[in-house]
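1. This is a predicted model, with the sequence first.
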Amino acid sequence: MSKPRKPKGRPISGWLILDKPVDFGSTEAVSKIKWLFKAQKCGHAGTLDPLASGMLPIALGDATKTVPYVMDGRKIYEFTVTWGEERATDDLEGDVTQSSDERPSEQQIRDLLPKYTGVISQVPPQFSAIKIAGERAYDLARDGEAVEIPSREVEIFRLTLLACPDANTAHFEVECGKGTYVRALARDFGRELGSYGHISGLRRSFVAPFAEETMVPLADLVALEAIEDADERLAALDALLIDTSEALSSLPHLVVNDDQAHRLKMGNPILVRGRDAPVAESEAYATARGKLIAIGEIGQGEFRPKRVFG
């Protein structure tokens, strides 16, 4: 009987909040970070298009277990719409599919925004990761198939017109919920205004709960490759990581002692006592000595672990 394979890399855990440059894919970014940190596991919390820049939260090791909580968080984007052309990809990459000499006034744009605020119905772009009959929409689109993608509800918390530098472009900022496609907003704005439009600039500045100032430019990480001593280089990289528990800051938090932490790691429940203790929570997290121990539920005076961390 063969021995189980030992995982390659270091069992390092935490979040790196990458400031992704333009023309660098999200999958490519994950591979680069995994290689730099010599990490066993790595994944991102929400794809950012190659033509977009900005915040790409990357989870290393056990932090990959908390990715869904970040995926569900609010996001903020700054984006530029260029009027006059609709494109197959709804951004600069695609071929022109519709064009118009019409240009909207600043007031026409402002009057449109309330319609796109709140819970709205949105059809994702043809070039998107939506699955149609088991296949990604972008794969079908690349093969030349025009597919009907069903609309879905997304939530826009805030939508602001920042500037109209000229007749052809407008700059916006949007704070939105999970599943919102900013490219689809540009497409729909253009259609409704009779001018057509596409994204010509896109930057993500916030993914809850990570603040903009936590972002690390890729160039800063690459610069650390110049450190010849491997231990020194990895220590410098590790200092940039954010603790795994930061991804769970929207959940109720329970601080436990060493004995309780041991019980939780073994998969056993612990008693929750005290005047300020939560009575019932479908999801909460427990830490000991500042480190994440478990995610679980609270009920009937107990914290029951669902997922434990090393």
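-> Good, I have the coordinates.
2. Could you list the low-confidence segments of the stretch 51-200 of the chain?
-> The stretch 51-200 of the chain contains residues with pLDDT under 70 at 127-145.
3. which residues in it form helices?
-> For the stretch 51-200 of the chain, the helices defined by DSSP state H, counting those that start in this stretch occupy 67-71, 106-112, 137-142, 182-193.
4. I'd like the ones you listed laid out as TSV, including distance to Pro305 and mean neighbour count.
-> Using the backbone N, CA and C atoms, a C-beta is placed for each residue, glycine as well. TSV is the format used below for the helices of the stretch 51-200 of the chain (distance: least, Cβ to Cβ, whole Å; neighbours: other Cβ atoms under 10 Å):
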stretch	distance to Pro305	mean neighbour count
helix 67-71	16	17
helix 106-112	48	13
helix 137-142	38	16
helix 182-193	37	22
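5. Among those, which comes closest to Thr27?
-> Closest to Thr27 of those is helix 137-142 (Cβ to Cβ; 13.1 Å).
6. so where is the stretch 201-310 of the chain shaky, pLDDT-wise?
-> 276.
7. In CSV, list the helices of the stretch 51-200 of the chain along with distance to Leu48.
-> Compiled in CSV, the helices of the stretch 51-200 of the chain are given as follows (distance: least, Cβ to Cβ, whole Å):
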stretch, distance to Leu48
helix 67-71, 13
helix 106-112, 25
helix 137-142, 15
helix 182-193, 11
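8. Out of these, flag the one nearest Ala211.
-> Of the helices of the stretch 51-200 of the chain, nearest to Ala211 by Cβ to Cβ is helix 67-71, at 13.1 Å.
9. Direction included, what does the lengthiest strand in the chain pair up with?
-> Secondary structure of the chain per DSSP state E: the longest strand is strand 152-166. Counting by DSSP bridges, the strands paired with strand 152-166 are strand 118-122 (antiparallel), strand 169-176 (antiparallel).
10. Please read off the pLDDT at the residue nearest the centre of the chain from the model.
-> Geometric centre of the chain, nearest residue: Gly46, 3.4 Å, by Cα atoms, centre = their mean. On pLDDT, Gly46 comes in at 87.
11. got the contact list for the nearest residue to it once chain neighbours are set aside?
-> Distances taken as Cβ to Cβ, 6 or more residues apart in numbering place Met71 nearest to Gly46, at 5.6 Å, with adjacent residues excluded. Applying Cβ atoms under 8 Å, 6 or more residues apart in numbering to Met71 gives the contacts Ala45, Gly46, Lys178.
12. Tell me the one among these nearest to Arg204.
-> Closest to Arg204, out of all of those and judged by Cβ to Cβ, is Gly46, at 8.4 Å.
13. May I ask which helix or strand encompasses the closest one?
-> Using DSSP states H and E, Gly46 is not contained in any helix or strand.
14. which one among the contacts of Met71 gets closest to Asp229?
-> Using Cβ to Cβ, those come closest to Asp229 at Ala45, 31.5 Å.
15. I'd like to know how many residues surround that closest one.
-> Residues contacting Ala45 under the criterion other Cβ atoms under 10 Å number 25.
16. before we move on, what about Leu240?
-> Neighbours of Leu240 using other Cβ under 10 Å come to 17.
17. can you check the one 3 residues further on too?
-> Around Asp243 there are 15 other residues, counting by other Cβ under 10 Å.
18. just Asp62 next, same as before
-> Neighbour tally, Asp62, other Cβ under 10 Å: 19.
19. quick one, what contacts Val174?
-> So Val174 contacts Ile76, Tyr77, Phe79, Ile156, Arg158, Leu159, Thr160, Thr180, Val182, Leu185 (Cβ under 8 Å, 6+ apart).
20. May I ask which of these has the most neighbours?
-> Neighbour-wise, the contacts of Val174 (other Cβ under 10 Å) top out at Leu185, 25 neighbours.
21. and the closest residue to that residue other than its chain neighbours, what is it in contact with?
-> Distances taken as Cβ to Cβ, 6+ apart place Tyr116 nearest to Leu185, at 6.5 Å, with adjacent residues excluded. In this structure, Tyr116 makes contact with Ile156, Leu159, Leu185, Asp188, Phe189, judged by Cβ under 8 Å, 6+ apart.
22. Cool, thanks, talk later.
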